[in-house]
Structures are given as structure tokens and as C-alpha cells.
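Colleague: Quick one: sequence plus predicted model below, questions after.
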Amino acid sequence: MALKIVKGSIDRMFDKNLQDLVRGIRNHKEDEAKYISTCIDEIKQELKQDNIAVKANAVCKLTYLQMLGYDVSWAAFNIVEVMSSSKFTYKRIGYLAASQCFHESTDVIMLTTNQIRKDLSSPNQYDTGVALTGLSCFVTPDLARDLANDIMTLMSHTKPYIRKKAVLIMYKVFLKYPESLRPAFPRLKEKLEDPDPGVQSAAVNVICELARRNPKNYLSLAPLFFKLMTSSTNNWVLIKIIKLFGALTPLEPRLGKKLIEPLTNLIHSTSAMSLLYECVNTVIAGHDVNGSPFLPPFSLALFLFLRFQLCVQKLRILIEDSDQNLKYLGLLAMSKILKTHPKSVQSHKDLILQCLDDKDESIRLRALDLLYGMVSKKNLMEIVKKLMLHVDKAEGTTYRDELLTKIIDICSQSNYQYITNFEWYISILVELTRLEGTRHGHLIASQMLDVAIRVKAIRVFAVAQMATLLDNAHLMTGNVQRKGICEVLYAAAWICGEFSEHLENPMQTLEAMLRPKVATLPGHIQAVYVQNAAKLFATLLKNQEGNTDRTAAQETSQLMIDRLPLFVQSANLEVQERASCILQLVKYIQKLQQKDVEVAEEVIALFAGELNPVAPKAQKKVPVPEGLDLDAWINEPPSESESEDEQPKAIFAKEEPKHSRARHTEVDEKELAKRREARKQEQANNPFYIKASPSSQKVYQEAPGVEHIPVVQIDLSVPLKVPGLPMSDQYVKLEEERRQKERVEKKKKEKKKRKEKRGGRGKKHDSGPESEEDITPAHMVDIVTEEMPENALPSDDDDKDPNDPHKALDIDLDKPLADSEKLPVRSHRAAEALKSPAEDGDAESPASQEPKKKSSKEKREKKKDKDGDRKVSVKNGNPTRETALWMYIYGDKKSSKHKKKKQKREKEEKEKKKKKKHHHHHHHSDGGGEESVQNGTVEEEEPLPVSVCHQSFTEIDIQGNLQDGSQVVVSVIFENKCDNFLKTMEFNVLDSLNSKLQRPEGSGPHDGLSVPFQLPPGVSNEARFVFTMQSIVMPQKLKGTLTFIIKDSSTHEKLDFKLHFTCSSYLITTPCYSDAFAKLLESGDLKCSSVRLEGVNMPFHHLLARICFHHHFSVVERIDSCASMYSRSIQGHHVCLLVKTSGQTVSIDAKCDEPTLLGNVLDEIKQTFSQC
Amino acid sequence: MQFMLLFSRQGKLRLQKWYVPLSDKEKKKITRELVQTVLARKPKMCSFLEWRDLKVVYKRYASLYFCCAIEEQDNELITLEIIHRYVELLDKYFGSVCELDIIFNFEKAYFILDEFLLGGEAQETSKKTVLKAIEQADLLQEVRPHVVTLHYE
């Protein structure tokens, strides 16, 4: 044996080790591949030896070769051998090799399961560590399933070193084996409070990653993370937590408010740029959320806005920093703000324009992106002017092209919203055609076409410009470099032809279009030239036939006949075909002319008709006509009988002939022929038909034969200036003057107006900078909107990627664990676990996670309504077993009926957390009732003396749904307080005329809703039910029942309860700014009502707090013993209160636009105070 | 983090760590593409670029580029920090590290990285703890045939 070892080490002396291999490779630069192939041969020999040291050395070298790109998958088995070595030295190498070389399809991975399990439970923490590290790289769904339980056990290892790794790797396990998430989650949550900061931060990392993808399942952790955030000083952890809150706030806007404070502190205090950046990003995102869907009350919005401004300022500091990285990130964050708050960004225009001069192209591009969103009617011209300067200065075509596309993007965005002067825009486009070497000719061309077609008022001007372009076409076609730009001529020719009636000198343009040089243009452009020459010709004929002198018209025909043959010879099919058609036509016209026949009217009829733009999505949106089933067979499969004949006819009859979809139906030959005829006719009469296909984008892209254009060299050293073209700058000046004039006029008018009228919005308008709306377009611009089919369907876009692995992790974590969900444990243990989980030696097994209850089998259930209105005890055959179901009604709704104990709580409004503790304490509630995270809506319990031992209780929270004024969400927390497993719970409510429980489609109006979970003893869970309310002006009581089955006895149990919807529960706390409040009162739309409360013996601020708390008001203003309060109903009714107190008397004057609602709310307020 | 690459100014890969499962072919393609893109950037440019749907954060230390790919919502600055932290760790371990250290002891470079990052997340933010773990593990390691190597040289 000893001899063998000695022999082994001597052998090794002659093997290459890794260093030798690296050195060798470096020495064989010329014939590296050859050298490596000999090395691989050596390695193969080494792998055949028994000596593990030799093998490990070989595997180590292979790992290196793998990095260089060589395939080493053939050695996978040897890697597993090295992994299995008992020596740490080799194990480490083996795992490293595996983590670099293995992937999901490596089949030997199957063989590693037991080895890895052994290593995981090794007494040596480094063995375990190495196995965990390796596993994180090559974990497969199978490995994840088999090892999940082992890793979960490691999360509670005594060494933080292992715990940390185990926690982190759980994330990978979840991704591969989503079923493990629920069983493992409680322990993961525990780790958030691990004494070791490393473990804690690992847990934060994992939960943050999980929550980012499926935030709604993690809302309940918010309080815990909030605590961590305020206590942690580790920037790495803070960044993760802030990111997590960033994901949670959109779901729970109230969180945003709470976060503002700590975030602001961090922004002010931190010196770490990474943390600052994260905070700013989150505030920006949070601001967005708070700002948009909920129409924030003004004072809150103002508050947030200040914070938000702070962020924008911080960003400015970043952008001004000399560090390129910070500059870049600052701009990046700005672009996020831009989407929601373009105004805030606009004030930093100077800075962003400055960034356009930065030497770093990536920064310039970011700045360009920002400009896109910064434009307004007011500054568009100025910004574009600056960009045009940059275009001139820019080096390198890529950046210049980028500038060009940005200019066009900026101008054309949202349907040319910001363009007030289209003459200016056309001249910008014309100026852009002078760019050398741009690839974007077609982009400019399509803009020209679009503007000319859709802005009718601009056509005269556009036609004149295009005619000049055509005249100077040689400037564009001359240089090879400029071939991209000649696409513009396509647009120019089409515009001149289509709108030829506006041409000043059509003859000159016609000549320009028929110049021999045109034949050097790409085919698709020539085709447009030819076609539009024909249109021009038609217009000319019409003009000239009016004259007495017929020779002019004949000369025009002659010109056509002389020039067209050139195109008839074209190699391009399209050009040739059109040219020969038109040539023959003109020849015929000439014949008629010679007989003195007036032909102009007929010729012009060829091109009559208006062209309307059609929205790109129009086709998709044609609704499927009633009675047309797109999935039905058009022709039944052959085996079917022919009796179907009538069916298609019926469908067809209903159809409008224009809907081409319906034409799939079988129609007899005659009908077909008839239609073909009709279509031909239609096409012949439709001047746009021919154009439609060649002008489509496709042709642009294919640009056939661009390379074949013969190149005519023209000396272009002289700067390109198309003579006679106006400069866009001119327009900038003109526009300025025009606006100035307008402003003066407006002022005058307003002065007059003010004399006539008082009030009005005009008050402040005359001073200060002109606002967006003040700028009127230079001339009547009507942008023809794109046509859509009637009854177009609303578009439905975006959907999540179904392949996203994180989707599988969208799992409700608050649901109690079901037996079936336990992680697989090795079999012999599993059997034990089932029998008696408590005694199982493996204390960490998931079975133990389920709350255990002392068994007291005598108890059964009973239910109780919180208000005490009702107490129902349900007894089944066995009188010894009873269960009490308590309904706790949360918060606001039921306040009026609460008993005295509640009062104590009322003071605590501000500290909701405290309340919760208090609450639990109060009830000794067996640790039941998971902390409900109704962030804020505080519970009030109703302590009803219940005769029977309490076994289950329910808490109810009724919340109005802001997004839909007729919906109210009721959250019910069910807690099973008995010792039996409850299943098949069904929740049902008797609908009233006014309120209905929303049931899934297809179920009857009396069907119950099954509660989507089962309840093991001692477990609670929350279910939400949505009710639809017609009217919210009256309080409602709904009767309902909950039925369930007790597992062991399989008897049906039933609990009755009542749901109270008070009017206060339809109110939503909505802060209000005092200005807005005053305006509201002045408006006179509100009805008055008042109420007096006698014998109220509490400080005024307590009284106010109570109203706020129970009835969802907010204080607008408070002066001494007088306060104004405001709230809004889910349907948007304003409720204003003026509360005054003197001695023990409180008077409340109230105004609301809905008197009934107001009356009921006041009654409820009265009741609240009558109970104290 | 999706992956980390180390490569030289000549575009030679020195270390690669993938935290997402990809086929070898895909990895090679990504590596080639990224190395090209990053090397083409001018020295004065910022350290971030958008690449496919990822963000790439890179930094050059002497002749070596350290390059990480992160997801859309990840924080670029903290990623730079991670790179820097890793460089510091290498520096401490090797004693003013140079490219050759990483070439010849590439498995050590991996071990250090694995102690620092796990599954793409930072597992230990304290440098001391990382180095201690590495030292401890090295102690366990049998004395490798270093002596023999010396002879061989």
C-alpha cells in the first residue's frame, strides 16, 4: 500500500500540472490547437489511472481547457469520481469542475444525488460549503426535488457559514422546484431575524428576488422589512430592501406614504452613491404609482412632490458629476421620470442639451432619448434647432443617423402633437435631405408623405418644396455616398403627382420627372416617377384644354411620348409595365386630341378620388361579424354529407360584400365571376389601387438594384445647398413673431373679457410665461386621423412571457401547508413523520411547521357575529364537540356597534402595530391569526361573550374599491380554533337588490363561493370576496352562511352571519387641500345637513381622530375648537364636515352632494359617539 | 447577476462564472459578442451598456476587464462595487494581484469568487470573513505537489 502511494507521487512528478499546462499553452502560441490536443490525450491517459490525485489533476486541467472553449463533456463521469473523493483537496476540484462544466442536460448529474446529500451532511463545514456552492451552478429540477429537504435542514445549521449558503441556494431550488417554496418559506422568513448578519442579508436577498417577481404574495412581510430597513446599516442589505419595497408599493399605495420618510432620510444622509441611486429610483417609481391611478388628494400630492423634487435635484447633481458613470445613471433615471412627469425633466433642459456635447457616445444617446420626452409646443423648434446644429457637427454616420431619427421621432410623436407650424417641419425635412451618407432616406420620405397626406393645409407648400427637390434631383443622385437619400425623391414625385393641382409650374415639374437621368434611380422610384408623371399629365391637360390654344396640350402629349420610351426599355418590370401602359394611353389621347376631342375630364377621372390614411391596426380590428364562426369548417371534410349547402349562403347573405373575410365561403361560379368583375371595376376606378402596393414599406426595404445604378461623379466639395429652398431657421423666427403677436392679441381680448365677466379661468393668464394651450397652430392644421373600421375592438396587447421561470413561483405563501405539500423526505423517515410528527427525530421536517394544538376533542364549533347581533351555535349529533366561529369585523365599518373595550384602542390610531399586539394579547388568541397586513385598517374586535369555547374566528375587512366605484372588497380571515381539520368551506350571501356577491361566471345567483383553502386546526387564512353595489347611499346588511365539513366526522356544519356595510365603509380617506376644500364649499352643489352631539366628554383632537378613524375622514384644517374635514365616497361623492365644539356639545355641519348618504353618515357618527 | 466574465485586453477569457443555465454554445456566443463590444468601447466611456435585455457593467483593472451582466432592475453601482470588492479580495489573497496570478491559479480565483458570490448574489459583504473562509479551507487542503512542481521547474 505504502509502495503504491509512493509510486503514485512519483508518477505525478512526470504529469503536467495546471501550471505546466498554462505555461505550455503560452509557449505554443503558434500551434496551440495541436499542443492542446496532445495535452488532452495525456489527460485521457491520466483519467484512466486509479490514483485519485492524478485524476484530480487531470480534471483541474480540463476545467481550464473548458474555459478556453474546448469540449470536455466526455469527462463528466471522471468529474463525478473526483467529486466523490473523501479528500477535501480533490472534492473541491471536482465540484469546481462540475460547476463549470455541468448543465441541465448532463446526464451523469443523476448519479450525483447521493454523493451531494452525503457531502451536505458532512461534519466538515467546508465539505458542505463546497457542495452547496457547486450545486448552485448545476442544480436541476430533479436535484432540487431530491435535495430540497436536506438544504432546508441546513438553513438551521449551527454554523452561520452554512446557513448563509443554504439560504442563498434555496432561491435556485425554488426556481427549479417551485413546490418547495411553500414548505420552506416559514423557515426562510425566520432567517430574516437570524443573529448572524450574513445569514440575514442572504435571506433578504432571496426574499427580495422572489418578491420582485411576484410581489403580491409578500405584502405580509412589509412590516418586518420596514423594521429591518430602519435598523440596518448595511448598504447591501438596504439596497435589496428598498428594491423590495419598490416592488410592493404598487400593490399597496399606503406603503409608499410610510416609506417616504425613511427614504428621504437615507437620501439626505447616505454617502454611498449606489444606495442613493436606489432610493431615488424607488421614490421615482413610487411617485409614479402614488400619482397616477389614485388621483392623489392635493395635499398628499404636494407632499410627495416635494420629495420627488428632491430626487430630481439629486439626479441633477449626478448628471453634473464628472464621473461618466454617475452622469449616465442620472440620465437613465431621468428618463424614467420623463414618462410620468415630463415637466420636472423639462426644467433641466439646459443640462441635458449640454450632455449632447459629451465625449461619451453612450451619454449622448441617453440625452437624446430624454429630449424625446421633453419637447412641448413651446420648445420644439428650439430643441430641433439645437439638434440640427449637432447634426452638422457630428462625426461618424452612426451618431448622425441616430440624431436624424431622433429629430424625426421627436417631431412626429403622438401624431405631430407638438408641431405648430408644418411649413417649418417640411423645411426641416428638406434640410435633412442634405445630409451626406445617411441611411434614413426612406424615413424622411415617409414623413414627407405622411405630413402631405394628413395635413391638408400644408399641401400647397409641400408641393412647392417637393417640386424644387425634383428640380434639383441631380444633387441627390450624383454621389454614391448619397444613394440612401434618393428615397426622398420617391416621396417628392408622389406628392407632386398626387397633389399636382397645387403646382405652380407643372410643366417644369413634368419635365424634371421625365429627365433621362431619372433612369439612373432605383426601380421602385422610377416606377413612382412614371406613374406620377401620368397624373401630372392629366392635370396639365385639364389646365391647358381650358385655353383656346390647343397646341400647348398637344405639346404636353408629345413630351410624354418622347420621353416615356426610355422607361419602356427599363429592366425593372414595374417601371417597364407602367411606362408602356401609359405610353399607349398617351398615344391614344394624342389621337383624340388631333380630332379635337376634349379628353381632359376622362383622363383626370383615372386619378380621381381622395386618399385617406388607414390606421396600421385597422385590419386586425375589424370585428368578426355576428354569425361568422372563424373556427367552423368552411368546407366540411369530404366524408360529410352535402346538406350544408345553405349554411354558407346564409352567412354570406348577412355579410357586407366588402368584408373580404366572408369570402371564404363557398359560392357558385356565377357569383364568383360576378365578383371578380366587380373587383376589376373597382380597381380600375380606384386611382390608389395601383399605388397601394408599390408604395408600401416593403418595396423600400428591398430597394432592388440600388447597387446597379450607374454612378455619375459630380464634384461635391461645394457645400450642398439646394437653391431656392427656405431655411428652417427662418421659420423659427417667423413663428416667434407670430406667437408674440398672438399673445398681445390675447391679452387684449382677455382684458375685455375680464371687464365683461368676472370669475372665469382667465384670471392669471395674462402674466407669466405662455402655457402650452396658448400656442395655437400657425394655420388650420387638420391632421386627418387614421381610419378604423366601425366597431373596432379595443386592443389587447401585453402579456407576460409564459416561459418566465419566475411565474411558477407565484404561490400564495400565507396558505397553510397541506399534507401533500411536504417536501419529499427519504422514505423510511417519511413514514415515521406521518405517524407522529412531533416525535420525529428530524425536528426540522416540514411536518413540524404546522401549528400543533393540544387535542381536546370535545370541542366543536359555534359562530358568532361580531356585533353580537347573532349568536348561533350549531350542534351536531355530538353535543360535546362545538366550535365557535368568531367574526371579527375589521376597522371602520362596524365601529358604531362596538362595545366598550374598543374605546381603549381608539387612541392608538397612529400606531397600528401596537394595536395589533394589543389585540392579540387581548384575546390570548393562541398565537392564531397571522398578523394581518391590512396595513392600516385597524381592527376592532368585538368581544362578545361567547358561551362556548372559541374555536374559530373570522375577521372581516370591508374596503371600497377605488378603481371601480361599485365594488367593495370584503376580506375575511378565517381562523380555525377547534382541533379538527376543516375543509370544503363555502361562503354564501343572500344577495339583495342593491348588493350582490360577485360569483364566477356560470354559477347561479344563489351558489356559494368555495373558500380556496382548507383549515388545519389553529391555522388562519384570508379570503377576499367582491361585492357589487348599485347604490352606496344607504347602509346594508347582508345575511350569509358559511358551510364546511369537519374532516374526521365528515359532517356538514353551518354558520350564519351578517355582513354590515355601513355608509362610512364606502368612504375613502382622502386628504384635501384647503383651497380645494373652499372651492368645493363655494360651488353650491352641495346639500347641507347638521347634527348635534351632546355630552361628548373627550378632548377635541380625540374626537377628530375618532371621526377620521371610524368614518374615514381627514382633517383639512383645524383652528382651535373648530375643524373642517373631508372625505370622498367610492363613487366620488364629496363629504365635507365642519366640526365645532363648545363644552360637551359638538355640532357638526355637513355638506355633501348626496343628501341620503350624508344623513346616514351623520347617523353613524352620532352612533359612534353615543356609545362612549 | 447572470454571469461574470474576466478577459484580457487581447480578448482572452480568463475566468467565467455563469449563474444561469445556458448551453456551451450559447455561452461561447455571448462571450464572443460581449468581449467584442466591451473592447470596442473607448476608455473614457461609462461602465454600463445595454445589451440584449440585460445591463452589462464592466470595469478595467490594468490589463483585465471584469464584466458582469445584470437584469433590468438591478443596481449598476452596487455591481461595480461587487467587481471592485472581488478585485480587492484577489489583491489581498495573492498580494497585489496581476493577470498572471489569475491565469496560473485560476482555481483559486474561482474559490474566492465562490466564497464571495453564490448563485449570483453577494453572500458575504465582509472581506475579512471571505478571506478567513478561504484560508481555513486551504488549510484543509492537502499540501499539493508544490514541492514537486518546484523541482519540475
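Modeller: That came through fine. Numbering: from 1, shown residues only, chains lettered A, B, ... in the order given.

Colleague: C-alpha only now, for contacts and for neighbours.
Modeller: Fine.

Colleague: Tell me where the model's unsure across chain B.
Modeller: B:142-153 (pLDDT under 70).

Colleague: same check, this time on the stretch 801-950 of chain A
Modeller: Flagging of the stretch 801-950 of chain A using pLDDT under 70 yields the residue ranges A:801-806, A:814, A:816-950.

Colleague: Would you mind putting the CA coordinates of the longest helix seen in chain B into CSV?
Modeller: Longest helix in chain B by number of residues (criterion: DSSP state H): helix B:76-94. Presented in CSV, the C-alpha positions along helix B:76-94 are these (Å, rounded to 0.1, in the frame of the first residue of the first chain):
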residue,chain,number,x,y,z
GLU,B,76,-25.4,49.2,-11.6
LEU,B,77,-23.5,50.9,-8.9
ILE,B,78,-23.6,48.1,-6.5
THR,B,79,-22.5,45.8,-9.3
LEU,B,80,-19.5,48.0,-9.8
GLU,B,81,-18.9,47.7,-6.1
ILE,B,82,-19.1,43.9,-6.3
ILE,B,83,-16.5,43.9,-9.1
HIS,B,84,-14.3,46.2,-7.0
ARG,B,85,-14.7,44.1,-3.9
TYR,B,86,-13.7,41.0,-5.8
VAL,B,87,-10.6,42.7,-7.1
GLU,B,88,-9.7,43.7,-3.6
LEU,B,89,-10.2,40.1,-2.4
LEU,B,90,-7.9,38.8,-5.1
ASP,B,91,-5.5,41.5,-4.3
LYS,B,92,-5.4,40.6,-0.6
TYR,B,93,-5.2,36.9,-1.3
PHE,B,94,-2.4,37.0,-3.9
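
Colleague: Mind giving me the packing neighbours of it?
Modeller: Counting contacts by 3 or more CA pairs under 8 Å, 6 or more residues apart in numbering or on different chains; DSSP states H and E, helix B:76-94 packs against helix A:273-291, strand B:54-61, strand B:64-70, helix B:106-116, helix B:127-140.

Colleague: closest one to A:Leu188 among those?
Modeller: The minimum distance between A:Leu188 and those falls on helix B:106-116, with 20.7 Å, by CA to CA.

Colleague: contacts for whatever helix or strand comes next after that closest one?
Modeller: Counting by DSSP states H and E, the next helix or strand C-terminal to helix B:106-116 is strand B:117-118. With contacts defined as CA atoms under 8 Å, 6 or more residues apart in numbering or on different chains, strand B:117-118 is touched by A:Thr133, A:Ser136, A:Lys165, A:Leu168, A:Ile169, B:Gln123, B:Glu124.

Colleague: farthest pair in those residues?
Modeller: A:Ser136 and B:Glu124 (15.6 Å).

Colleague: And the helices and strands packed on helix B:76-94: which comes nearest A:Gly1018?
Modeller: Of all these, helix A:273-291 comes closest under CA to CA, at 37.2 Å.

Colleague: Report the mean confidence score over that closest one.
Modeller: For helix A:273-291, the mean pLDDT works out to 71.

Colleague: more crowded one of A:Ser136 and B:Glu124?
Modeller: The residue with more neighbours, out of A:Ser136 and B:Glu124, is A:Ser136; 25 against 22, by other CA atoms under 10 Å in any protein chain shown.

Colleague: tell me which element the more buried one falls in.
Modeller: helix A:125-138.

Colleague: With only the CA atoms kept, save that helix in CSV.
Modeller: Taking Å, rounded to 0.1, in the frame of the first residue of the first chain, the C-alpha atoms of helix A:125-138 are listed here in CSV:
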residue,chain,number,x,y,z
GLN,A,125,-18.5,22.6,7.1
TYR,A,126,-16.2,23.1,4.2
ASP,A,127,-17.3,19.9,2.5
THR,A,128,-20.8,21.1,2.9
GLY,A,129,-19.9,24.6,1.7
VAL,A,130,-18.2,23.3,-1.4
ALA,A,131,-21.2,21.1,-2.2
LEU,A,132,-23.6,24.0,-1.8
THR,A,133,-21.5,26.2,-4.0
GLY,A,134,-21.3,23.6,-6.7
LEU,A,135,-25.0,22.8,-6.5
SER,A,136,-25.9,26.4,-7.0
CYS,A,137,-24.4,26.2,-10.5
PHE,A,138,-25.7,22.9,-11.7
